[in-house]
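**Q** sequence unknown, structure follows:
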């Protein structure tokens, strides 16, 4: 009898203890995470470091052109690499191992064997990292130097969340391509499953040397490691980056070499290169500061394309200030169907209410179909926007790597080029964004906005379930998005 009473009492206390944990533990975890989040945003906060290469503005003519078509961008990259006489610098967040990367890598190796100095810096973010050390050793044998940015392990929570999200190619310090594209099939219209609608800026002129100097700053930073310092074993059956080209690759390369890109060059009289300083800490994030300044200078309208639209209180405050000054703002972003980042759409869906109260704001969600009027047959049935660009007041153009999200503002290293006074360039960029908007659904600010339904329309049930499952936690996780 006493044993039964003792057992009931033990069960009672166990139940009460469990209920107490359920009540107390979530708030504790919540406030603990907020503390980590705050520390992550403000880690090593101190005096902002500076360098001549992180902010260079030149008021002299530069030839520039938008590379809005992925196939054009790959053809132009290969052409620039082939033209190189002395040096090639490349930096990317993602460097895949696929057809596009093989074509680029083989071109780099050919130039290195000719005596051109070729250096490649790739971020080491484990969720997307593909250029393993055995590939780097393969490239080194061909004369291509490879380095990794930020090899910190997961145990270093603050450090591991800092990444270089920059994308650049500089040839002979005289020509450069910067923009949203990494190296992979889905950035160059070659994937049969899913492709990105992206944008790069081709630049010819002295600012290319400043971009190369910015690369040198990152290459020499304490955040960079040699592949030999990273332990890695070659995966059995891993595809080679160098070696004989397949018949399909040979045919594709011939098509690219004979391809005439659709872009139209123009002249930028005032060009401005801005990049964040290497390393973590919000004091090193210069791109966000410059973008905020451009928004404050706007007088009439801003047209923006960003694959993600994740706004915290400070981001919403910037939009509110624009609305109060009567500046019209139109933003093109992804729907749930057109993106591979369902968690960012969950955050946008949760934050629609304050956006719907802002006069002059329009938000559009890309529907996910191939863009009409493509010169080549669409390679995949599903597409998403990935460009990071804007036009301010019909005369100032921004193209770069910055997404509208807290990660770009607080954690990543980003870069951008600002061109002032080139109205043909501004008109071309506006026309391309408007063409993408024509295949999008209005979410906020139009006569018949679709709101939440416009964001999720056409999505498969599994993706919709994942978005809804993560939605309650987006406020906790927004710093990482």
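**A** Ah, there it is. Model, not experiment: these values are computed from the prediction. Residues are numbered from 1 along each chain as shown.

**Q** Distance of residue 440 relative to residue 390?
**A** Counting by CB to CB, to the nearest Å, the separation of residue 440 from residue 390 is 16 Å. All C-beta spots, glycine's among them, are computed from the backbone N, C-alpha and C.

**Q** quick one: the helices in the stretch 201-350 of the chain?
**A** Using DSSP state H, counting those that start in this stretch, the helices of the stretch 201-350 of the chain run over 207-219, 247-257, 286-297, 313-324, 342-350.

**Q** So which bits of the shortest one are buried?
**A** Buried positions in helix 342-350, judged by neighbour count with 16 or more other CB atoms under 10 Å: 342-349.

**Q** which one among the residues you listed gets closest to residue 474?
**A** Closest approach between these and residue 474, by CB to CB: residue 347, at 4.1 Å.

**Q** dump the residue contacts of the residue most central in space within the chain.
**A** When the chain is reduced to its mean C-alpha position, the closest residue under CA atoms, centre = their mean turns out to be residue 401, at 5.1 Å. Counting by CB atoms under 8 Å, 6 or more residues apart in numbering, residue 401 makes contact with 93, 165-167, 178-180, 388, 408, 414-416.

**Q** So which of the residues you listed are in strands?
**A** 178-179, 415-416 (DSSP state E).

**Q** Buried only: go through those for me.
**A** Buried members of the ones in strands among the contacts of residue 401, counted by 16+ other CB under 10 Å: 178-179, 415-416.

**Q** which among those residues gets closest to residue 214?
**A** Closest to residue 214, out of all of those and judged by CB to CB, is residue 415, at 7.1 Å.

**Q** show me the contacts for the closest residue in space to the closest one that isn't next to it in sequence.
**A** Spatial nearest neighbour of residue 415, chain neighbours left out: residue 275 (3.9 Å); criterion: CB to CB, 6 or more residues apart in numbering. Residue 275 makes contact with 53-55, 166, 214, 286-287, 413-416 under the criterion CB under 8 Å, 6+ apart.

**Q** how about the helices of the stretch 51-200 of the chain, start to end?
**A** 70-83, 99-113, 133-141, 157-160.

**Q** mind putting those in a markdown table, mean pLDDT included?
**A** Converted to a markdown table, these look like this (pLDDT from 0 to 100):
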| stretch | mean pLDDT |
| --- | --- |
| helix 70-83 | 97 |
| helix 99-113 | 97 |
| helix 133-141 | 94 |
| helix 157-160 | 70 |
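
**Q** can you tell which of those helices is closest to residue 227?
**A** Closest among the helices of the stretch 51-200 of the chain, once you apply CB to CB, is helix 133-141, at 3.6 Å.

**Q** how far off helix 99-113 does that closest one point, in degrees?
**A** 30 degrees (axes from the mean of the first three to the mean of the last three CA atoms, to 10 degrees).

**Q** So which bits of helix 133-141 are buried?
**A** 133-136, 138-140.

**Q** residues making contact with that helix?
**A** 97, 105, 108-109, 120, 145-146, 227-228, 230, 232, 234, 238, 240-242.

**Q** from the residues you listed, which is closest to residue 187?
**A** Using CB to CB, those come closest to residue 187 at residue 97, 13.9 Å.

**Q** Help me confirm that that closest one comes into contact with residue 239.
**A** Yes - contact criterion CB atoms under 8 Å: residue 97 and residue 239 qualify, at 5.7 Å.

**Q** Which of those two has more residues huddled nearby?
**A** When neighbours are counted by other CB atoms under 10 Å, residue 97 and residue 239 differ, and residue 97 comes out ahead with 18 against 11.
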